[in-house]
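Peer 1: any chance you can model this:
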Amino acid sequence: VLNKAEASVSLLDLGTGAERARLPVGVGPHEVAVSPDGRVAAVANYGGAVPGSSLTLLDLVAERPTRTLDLGAAARPHGIVFDADGRHVWVTAEERHALLRVRLEDGAIAAEIPMLQAVGHMVVRARSGRLFVSHIGGGGVTPVAAVDAGWAAQPFVATGKGAEGIAVSPDGTRLWVGHREDHNVVV
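Peer 2: Residues are numbered from 1 along each chain as shown. Below you'll find the predicted structure:
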């Protein structure tokens, strides 16, 4: 559980609900993703009055932070999801208007996909590997797919005002998009 105001994360015991550990992260943590093997968490440090531009990596076994990755000009990292390989995360960079693939080993940006719609906010990955970015300001979703030796944004899909929450159905056949201005969910 992220504690935005105190720049920390609480690790909870699911059986009892008790806090097992409280770990420091960067200012304004907004989203967290857990690696496919469950051993590492990556936290997007969104910032506060000053935009954040880092990710904090946590060792969930040892229950401690391991390092902070500086994203440089990639201000306001938000939505985050692990790649299937467990060695990279995909993170939206709202002020950079991009989706980044970040290598966890050294923090290098392995891919940068420009987002043409406003406020690329959340990202979700389907089992197929295809990614989807919701756009609060753009009112829809940008699919991102592997092409040739890289990644590319696909045509934007308008879904409604304030597209924010996003999820792929367990069978991978549907994309759910929640809209904070239209007050609805589009499938």
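Peer 1: can we go C-alpha only for contacts and neighbour counts from here?
Peer 2: OK.
Peer 1: I'd assumed residue 137 was in contact with residue 164.
Peer 2: No. Using CA atoms under 8 Å, residue 164 makes no contact with residue 137, being 9.2 Å away.
Peer 1: just want to know which of these two has more residues nearby.
Peer 2: residue 164 (25 against 15; other CA atoms under 10 Å).
Peer 1: assign that one to helix, strand or coil.
Peer 2: Under DSSP: H, G, I helix; E, B strand; the rest coil, the three-state class of residue 164 is strand.
Peer 1: show me the contacts for it.
Peer 2: Each residue near residue 164 by CA atoms under 8 Å, 6 or more residues apart in numbering is listed here: 121, 122, 134, 135, 136, 177, 178, 179, 180.
Peer 1: what does residue 177 give?
Peer 2: Neighbours of residue 177 in contact, by CA under 8 Å, 6+ apart: 134, 159, 163, 164, 165, 166, 167, 185, 186, 187.
Peer 1: hmm, back to that, most neighbours among the contacts of residue 164, which one?
Peer 2: When neighbours are counted by other CA under 10 Å, residue 134 leads the contacts of residue 164 with 34 neighbours.
Peer 1: what's across from that residue in the sheet?
Peer 2: Note on residue 134: beta-bridge partners by DSSP bridges are residue 141.
Peer 1: quick one: the contacts of residue 177 as JSON lines, columns for distance to residue 142 and pLDDT too.
Peer 2: Below are the contacts of residue 177 laid out as JSON lines (distance: CA to CA, whole Å; pLDDT from 0 to 100):
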{"residue": "134", "distance to residue 142": "7", "pLDDT": "97"}
{"residue": "159", "distance to residue 142": "10", "pLDDT": "97"}
{"residue": "163", "distance to residue 142": "11", "pLDDT": "96"}
{"residue": "164", "distance to residue 142": "12", "pLDDT": "95"}
{"residue": "165", "distance to residue 142": "13", "pLDDT": "96"}
{"residue": "166", "distance to residue 142": "11", "pLDDT": "97"}
{"residue": "167", "distance to residue 142": "13", "pLDDT": "97"}
{"residue": "185", "distance to residue 142": "17", "pLDDT": "97"}
{"residue": "186", "distance to residue 142": "15", "pLDDT": "96"}
{"residue": "187", "distance to residue 142": "15", "pLDDT": "96"}
